[in-house]
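Trainee: Compute the structure for the input listed below.
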Amino acid sequence: MAVVLLAAPAVAEQQTAPAADSVRSHRHARTLQTRFERLRLRNLPRVPDGGSHECDEIIGRLCVWDDGDDDWQPKEEPAAIIDGREDLLAGLDSLAELVPGDHWVLGQRIRYLVEAGRLEDAEAVARRCGLPGGWRCDAYLGFVLHHHTDFVRSESAFRRAIEAMPAEVREEWTSPGRVLGRDLRRWLSTQPDSATALARLWTLADPLFLVEGNDRWTGHMSRWSYAMSAERATNPYDINWGNDFTEVSVRYGWPIAWERSWPRIGQTRASVTGRDLPAAFRAFPPRDVLARGPDGGGLVIWEEEEEDHPRATYLPPYLDSLGELDAQVSRFWRAGHVVVVAAWRTPEFPRPERSPGDGRGPANSVPPAENSPPDSVLSGLFVEQGGALAADVRTMAKPGSTVRLSARVPWSDWGVVSLEAWVPELRSAYRLRAGVGLPPLPTGLFAISDLMLLESGAEPSGLDELEDVLRPGSEIGAGETLAVALEIYGLGSREVLHFSARVERRDESFLRRMGRRLRLVDRPDEVSIEWREEGPERPGPFLKTLQVGLSGLEPGEYTLVVEVSAPGRTTLTAVRRFTVR
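Mentor: Below is the predicted model of the structure:
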């Protein structure tokens, strides 16, 4: 994400100074701050034609666009800027003793200490704050603790601040309108208890449940704290702070670096562009993940929303990347609860090359000693129900090893499953989230579980054995026999069941699909089998495994469709996607 100024800089307006006896000190502090930002501007790295992009969105005076440059990294900060910031902080420290109740001076000290990576000093300043009312002190403390990745204490500080701040400020900081897209705003407006629904949205926006505390929420509050500190302060764009800067800061965060372009013909000033790390992502769930849709209670994979420009983005201070985990998850019903099982292979986690000037928090100061894989990967299976975690199962795994986890959760209409793998020292994680139906299963109701892919040749006799032979992911080798399992519920004694299974190609081209429908080309290769067999002697869950040969299938993406029927019963269908490599 990048932000560039559209309007010409305005002349700095005069603001009402603090108390009369501290006017001179306050003005001197503002002079020092402006002097530093002008120094920063003169020393920003030059880039060609930095301000000529087409805007994805115009917010006030600012042009916001997604540049699509996934390889962008900030340049190392010039020594002149580093030294200038230290000089500014020294001057502000001295002035703070003369104006201890000046919240503007406090805000500058906190902001620039965090920018410099001096988080311990920033925390000490926030704890010695002493401003009347105390809410700004806690807001700045929460801001510092968020950057220190202490999200539990950051949450506590922000909740104290929210409790004590003026009502109009509380309304602005806690209102979700700036960061929720249209679909989520509509969904929220239809909920009978909007406060509970909003709390659930914040829970699901938390990037990793493996990390203690909700850093998406503390990140949101930190952006408001940053905006509060930046009011009436000079910024790298060299124009007055306004609602447009607040809007951009709350939705996308303040840039981690700035660049300036050479003046174009007819211009007297360079264009300044603020840059974010390209790995920032949409943290809030898609609408379809939140509740059972019209198609029933099957798995709804959490994917990027289909929109050109995100309403808001976020990247945690402990991550440089969040990838998609290749995993499978399934549900098996029991009396009063559902057993959720999942399997995946932990990624290899190659060590990334990182810029020394990327400003990504305290983990940035611990360089890897060697280009070797980590010893272990934090992994977890989590199930959210009603805004709280109903299951929290964690383990440690070797890179490239198989993780198989299961959890029992109570019946509920809907929930969200999250599978996670994280290596803190590499600032890298992978995740798969899906909305799932977990409804009660009445006795005698004819139903089936999800399909699960198994290791080749596996034929488990029960759920406990099945968990030990789950295939870690959805990839199948060419020519390999596909082993799958599912459970059937509500059967009487020795009912005759009819099974059919077929494999359909998913990545077929549009032209080939149309040609097949018009009978201009042959049908693509498929695997199709069907048979009848007698069900179990006694009522109860019936675990069925089957082996499907895939010889002749070309590499590509496929869907396995299994249908089960019995005389007088509705035909049941289960599907599972897989990839032939």
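
Trainee: wait, what's in contact with the closest residue to Val99 other than its chain neighbours?
Mentor: Spatial nearest neighbour of Val99, chain neighbours left out: Ser22 (4.2 Å); criterion: C-beta to C-beta, 6 or more residues apart in numbering. Where C-beta positions appear, they are placed from N, C-alpha and C, glycine not excepted. With contacts defined as C-beta atoms under 8 Å, 6 or more residues apart in numbering, Ser22 is in contact with Leu98, Val99, Asp102.

Trainee: of those residues, buried ones?
Mentor: Those of those that meet the buried threshold are Val99, Asp102, by 16 or more other C-beta atoms under 10 Å.

Trainee: now, which of the contacts of Ser22 lie within helices?
Mentor: Leu98 (DSSP state H).

Trainee: Let me have the contacts of Ser22 in a markdown table, extended by pLDDT and distance to Ser493.
Mentor: Conversion of those to a markdown table gives the following (pLDDT from 0 to 100; distance: C-beta to C-beta, whole Å):
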| residue | pLDDT | distance to Ser493 |
| --- | --- | --- |
| Leu98 | 93 | 89 |
| Val99 | 93 | 85 |
| Asp102 | 95 | 82 |
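
Trainee: for the contacts of Ser22, which one is nearest Leu325?
Mentor: Minimum separation from Leu325 among those (C-beta to C-beta) is found for Asp102, which lies at 48.6 Å.

Trainee: can I assume the closest one is in contact with His26?
Mentor: Yes. In this structure, Asp102 is within contact of His26 by C-beta atoms under 8 Å, at 5.9 Å.

Trainee: distance between the ends of stretch 204-216?
Mentor: 9 Å (C-alpha to C-alpha, to the nearest Å).

Trainee: and what of stretch 487-495?
Mentor: In stretch 487-495, first residue to last residue: 15 Å (C-alpha to C-alpha).

Trainee: bridging residues for Glu487?
Mentor: Taking DSSP bridges, one finds Leu543 as the beta-bridge partners of Glu487.

Trainee: ok, it - how many residues close by?
Mentor: The criterion is other C-beta atoms under 10 Å. On that basis, Glu487 has 24 neighbouring residues.

Trainee: One more: His28?
Mentor: Applying other C-beta under 10 Å, we find 17 residues neighbouring His28.

Trainee: cool, Ala270 as well?
Mentor: 19.

Trainee: Look up how far Trp262 lies from it.
Mentor: Note on Ala270: its distance to Trp262, by C-beta to C-beta, to the nearest Å, is 6 Å.

Trainee: intersection of neighbour lists for these two?
Mentor: Here Ala270 and Trp262 share the contacting residues Arg46, scored by C-beta under 8 Å, 6+ apart.

Trainee: what packs against the helix or strand hosting Asp138?
Mentor: With elements delineated by DSSP states H and E, Asp138 resides in helix 135-147, which encompasses its position. For helix 135-147, the elements it packs on are helix 103-115, helix 119-127, helix 151-164, helix 215-230, judged by 3 or more C-beta pairs under 8 Å, 6 or more residues apart in numbering; DSSP states H and E.

Trainee: can you pull the contacts of Gly107?
Mentor: Applying C-beta under 8 Å, 6+ apart, we find Gly107 in contact with Arg136, Tyr140, Met228, Ser229, Ala230, Ala233.

Trainee: Read off the pLDDT value for the fourth one.
Mentor: To tie it back to what came earlier, the one meant is Ser229. Predicted confidence (pLDDT) for Ser229: 98.

Trainee: and if you look at Ser500?
Mentor: Spelled out, the predicted local distance difference test score at Ser500 is 95.

Trainee: Leaving out the residues flanking it, which one is nearest to it?
Mentor: Glu530 (3.8 Å).

Trainee: So the one you found belongs to a helix, correct?
Mentor: No. The secondary structure assignment for Glu530 gives strand rather than a helix, going by DSSP: H, G, I helix; E, B strand; the rest coil.

Trainee: Run a quick neighbour tally on it.
Mentor: Burial of Glu530, expressed as a neighbour count using other C-beta under 10 Å, amounts to 10.

Trainee: How about the one 10 residues further on?
Mentor: Summarising burial for Gly540: neighbours were counted as other C-beta under 10 Å, giving 12.
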